[in-house]
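Engineer: prediction below, plus the sequence it came from.
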Amino acid sequence: MFDIQTRRQFLNATGMGLGASVLGNLTAQGAAGTHGYHLPKAKAKRVIFLFMAGAPSQLDLFDYKPDLHKRFKEALPDSVTNGQRVTAMTKGKEKLVAPSMFKFKQHGQGGTHLSELLPHLGSVADDIALIKSTSTTAINHDPGKTLFCTGTEIPGKASIGAWLSYGLGRMNQNLPDFIVLNSAYWTGGKGNVQGLYSRLWGSGFLPSKHQGVSFQPSGDPVLFLSNPKGVSRETRHKMLDLVTKLNEEQLAKVGDPEIQTTIAQQEMAFRMQASVPELTDLTGENEKLNERLYGPEVQKTGSFARNCLLARRMAERGVRFIQLFHRGWDHHSTLPTKIKGQAFDVDQPCAGLINDLRQRGMLDDTLIVFAGEFGRTAYGQGTLKRDQYGRDHHPKCFSTWMAGGGIKGGISHGETDEYSYNVVKDEVRVRDFNATILHQLGIDHDRLTFPFMGLDQKLTGVNPAQVVKNIIS
């Protein structure tokens, strides 16, 4: 008696089955750290990535240009713009200089200049490496965010958190390697807010078990985490055992590694039914202490401050990569009004996160990074007054920062021209930024690869990337 095979089963069992076997071995090697991409020593164990979706204005927060007020409403010189592309919102319009209306102050022993909108961040300036020379190739939000999160403007590639999950393996067997938190509340008002999309934390060509898990601000932290009414944990366990047995039988027939992923994810989901409620239960936290650290917004469900507190709890429990998205930074008009609210949302929580991790002895091995998808222009948009203006998208230079995880604090890296329009010293491209994150976690960005579509895919892409060594302690 012969088993009748379908065409799909035959292919899986022969050529495609061989590919599946290779893929399974690669995945196992990645988890075991035998690819040869590990560096001798890792400075950080985990990352908290604070992503400012919409692109904050570096001129109003980080890049101090004290003489720009003398050029108010002057046309930006052609020698500065140098034929650079602009968005459709600017094309054909005059580019008139809009200096920041906000005052700047030096902070810490390093004398880092920060806007008056960031007094709390100023108090931890000696922990921060401010990168004023970041640049990108993207001029619109969707490709800009996709590039920062996945290393390419082309959708569908693996995200940075997925790469780290694949390359380093899990630290806590009861929680995902990669968790995403999206602020559902922001003070700056609705404004011009783009949607977020799951490919920013997707696994792309990597096995799907490495994708990020998005937590919800209300209800079940993870969708469908709770059992339906009438279904006990014991009943759920029996159901899982049965489904696992069926999946293992199918795996033996077709050899598809995604079946292994399904088994692992279902088992993880069962464990998360116990671990996630404990993680998100803040009743044991010191409310007064957290409010002093993170600010009054920490009491609001879905706020950036609350998410920073949750990020600390996740870091304590061994989550490898935690990404917070805070939207509302796309200020094409009435920027001074809107950015005050946005800065209020993030200033104290960012400083509080740094202080909280330090107090717990975790700052040295936790890398905190702060970035948006690009910067804002020196010329104004909309109504142009000294105290009211907007700014367009600007990819050529903007500011980011890193702290903890072996980063040298109290320094500013790179310089821009007098208009904060071009990098004039020590450019840091997105791939350099991501290469530095990998380096601090003990990974050689050139060697962490995955075969897909005939290429050895990398987070940093095919062009050369450089670790930003000047900011590493």
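Structural biologist: All right, it came through fine. This structure is a prediction, so every number in the text was calculated from the model and none was measured.

Engineer: mind checking the SS state of Ser412?
Structural biologist: Three-state assignment for Ser412 (DSSP: H, G, I helix; E, B strand; the rest coil): strand.

Engineer: find the nearest non-adjacent residue to it, please.
Structural biologist: Leu130 (4.6 Å; Cβ to Cβ, 6 or more residues apart in numbering). In short, each C-beta sits where N, CA and C put it, glycine included.

Engineer: low-confidence stretches in the stretch 101-250 of the chain?
Structural biologist: For the stretch 101-250 of the chain, residues meeting the criterion pLDDT under 70 lie at 188-192, 223-225, 227, 231, 233, 235-237, 240.

Engineer: for it, what spans make up the helices?
Structural biologist: Secondary structure of the stretch 101-250 of the chain (DSSP state H, counting those that start in this stretch): helices at 119-123, 141-150, 160-168, 233-254.

Engineer: tell me how far Ile263 lies from Glu248.
Structural biologist: Computed with Cβ to Cβ, to the nearest Å, the distance linking Ile263 and Glu248 is 7 Å.

Engineer: ok, now Tyr294?
Structural biologist: Note on Tyr294: its distance to Glu248, by Cβ to Cβ, is 45 Å.

Engineer: those two: who's more crowded?
Structural biologist: Neighbours per residue (other Cβ atoms under 10 Å) separate Tyr294 from Glu248, with Tyr294 holding more: 27 against 13.

Engineer: you'd agree the more buried one is up against Cys308?
Structural biologist: Yes. Tyr294 lies in contact with Cys308 (Cβ atoms under 8 Å); the separation is 5.8 Å.

Engineer: which neighbours do these two have in common?
Structural biologist: 349, 352-353 (Cβ atoms under 8 Å, 6 or more residues apart in numbering).

Engineer: quick check: Leu324 is in a strand.
Structural biologist: Yes. Assessed with three-state DSSP, Leu324 lies in a strand.

Engineer: hey, what's it bridged with?
Structural biologist: Residues in a beta bridge with Leu324, per DSSP bridges, are Leu50, Leu181.

Engineer: wait, it sits on Ile179?
Structural biologist: No. Counting by Cβ under 8 Å, Leu324 stays clear of Ile179, with 9.6 Å between them.

Engineer: would you indicate which residues of stretch 366-386 are buried?
Structural biologist: Residues of stretch 366-386 classed as buried by neighbour count (16 or more other Cβ atoms under 10 Å): 366-382, 384.

Engineer: now swap in stretch 295-306 and tell me
Structural biologist: For stretch 295-306, burial by neighbour count (16+ other Cβ under 10 Å) applies to 295, 297-298, 302-306.

Engineer: pull the distance from that stretch to the chain's centre.
Structural biologist: Distance of stretch 295-306 from its chain centroid, counting by Cα atoms, centre = their mean, to the nearest Å, is 19 Å.

Engineer: now tell me what touches it from outside.
Structural biologist: Here stretch 295-306 makes contact (Cβ under 8 Å, 6+ apart) with 120, 183-187, 217-218, 287, 290-291, 294, 308-309, 324, 326, 345-346, 348-349, 352.

Engineer: mind redoing it with 7 Å?
Structural biologist: Stretch 295-306 has contacts (Cβ atoms under 7 Å, 6 or more residues apart in numbering) with 183-185, 217-218, 290-291, 294, 309, 324, 326, 345-346, 348-349, 352.

Engineer: ok, Ala311 - how many residues close by?
Structural biologist: For Ala311, using other Cβ under 10 Å, the count is 26.

Engineer: show the pLDDT at it.
Structural biologist: For Ala311, the pLDDT comes out at 98.

Engineer: state the distance from it to Phe62.
Structural biologist: Separation of Ala311 from Phe62 (Cβ to Cβ): 22 Å.
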